[in-house]
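Enquirer: quick one: sequence and predicted model below, then my questions.
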Amino acid sequence: RVFDIDPASDRTTTLMVGQFGFGRDGRSHDVGYLAIGSVHGFVPPRWHNADHAIDIDDHWQAKDLRRSVVHQFVVRNDELTWPDEATAFPAVCLLRDTDASGLVVQFSLSQMSVPIAPDQPSRWQLNGTIAPWYPHELRTYPAGRLLVPDHRGPSRADGRLHNLSVELTDTHALLNMITAVPVNANGPVDLGDLELRTAGSDRLVARLPREMYLGQEFILACGLVTVP
């Protein structure tokens, strides 16, 4: 179910999800799922980006065509069912056998299509991922340290980075850039090599070459990047 908490605002569109399943190929009454579980509560919008798509002209719906939003929800282990067919798929077995407390499902909606006729629904591009979920992580908000753009700096004609999160280990930086990089008709926009630095001492923590967010792997990983 989709509803607006505040009908006067386009930033409050919230989802309610009853069940989540993955792995089905074909019609549900012909082919079963590899995992299925119940979802509870609301799935509010996160990380609104009014300028995700930067090559939109003066279309009357340009505001909607440019924007993106992130949603996230959790399916707990005690609500999950793994059918026997799941054992045939290594990736599914890895998800099932982790020591996590459930699965987190994160996805973005962006690049809305132009309606083909009046009063007809629009289609949105959906990108997302499924991963283990741990109790110290929020259910409806991306995990990690939040980094937000500094709008006091100079703007670029080809856009700027948007919200992302980072989690550091002793050896790696894990970046969640699901909607951080602006896009055009050709895909992610080249913003050059990126660096993660400390705010106080400006010490270099990690470097992200442009190739890591411009390639097909970045798109397939839905913006999840790991660097030394």
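Expert: Received it, and whenever you're ready, just let me know what you need.
Enquirer: from here on, contacts and neighbour counts on C-alpha atoms
Expert: Will do.
Enquirer: name the helices or strands packed onto the least confident helix or strand in the chain by mean pLDDT?
Expert: Here the helix or strand of the chain ranked lowest by mean pLDDT, DSSP states H and E is helix 62-66, holding a mean of 85. Judged by 3 or more C-alpha pairs under 8 Å, 6 or more residues apart in numbering; DSSP states H and E, helix 62-66 is in contact with no other helix or strand.
Enquirer: next secondary structure after that helix?
Expert: strand 68-76 (DSSP states H and E).
Enquirer: give me the contact list for the helix or strand just after that following strand.
Expert: Downstream of strand 68-76, the first helix or strand assigned by DSSP H and E is strand 80-81. Contact partners of strand 80-81, identified using C-alpha atoms under 8 Å, 6 or more residues apart in numbering, comprise 35-38, 102.
Enquirer: strand partners of strand 80-81, parallel vs antiparallel please.
Expert: Here strand 80-81 is paired, per DSSP bridges, with strand 35-38 (antiparallel).
Enquirer: what's the spacing between the strand it pairs with and its chain's center?
Expert: Relative to the chain's own centre, strand 35-38 is displaced by 20 Å; criterion: C-alpha atoms, centre = their mean, to the nearest Å.
Enquirer: which other helices and strands does the helix or strand following it contact?
Expert: Following strand 35-38 in sequence order, the next helix or strand is strand 42-43 (DSSP H and E). If contacts are counted by 3+ C-alpha pairs under 8 Å, 6+ apart, strand 42-43 sits against strand 13-16, strand 68-76.
Enquirer: mind listing the strands the helix or strand following strand 42-43 pairs with, and their directions?
Expert: Per DSSP H and E, strand 42-43 leads on to strand 46-49 as the next helix or strand towards the C-terminus. Strand 46-49 sits in its sheet next to strand 68-76 (antiparallel), going by DSSP bridges.
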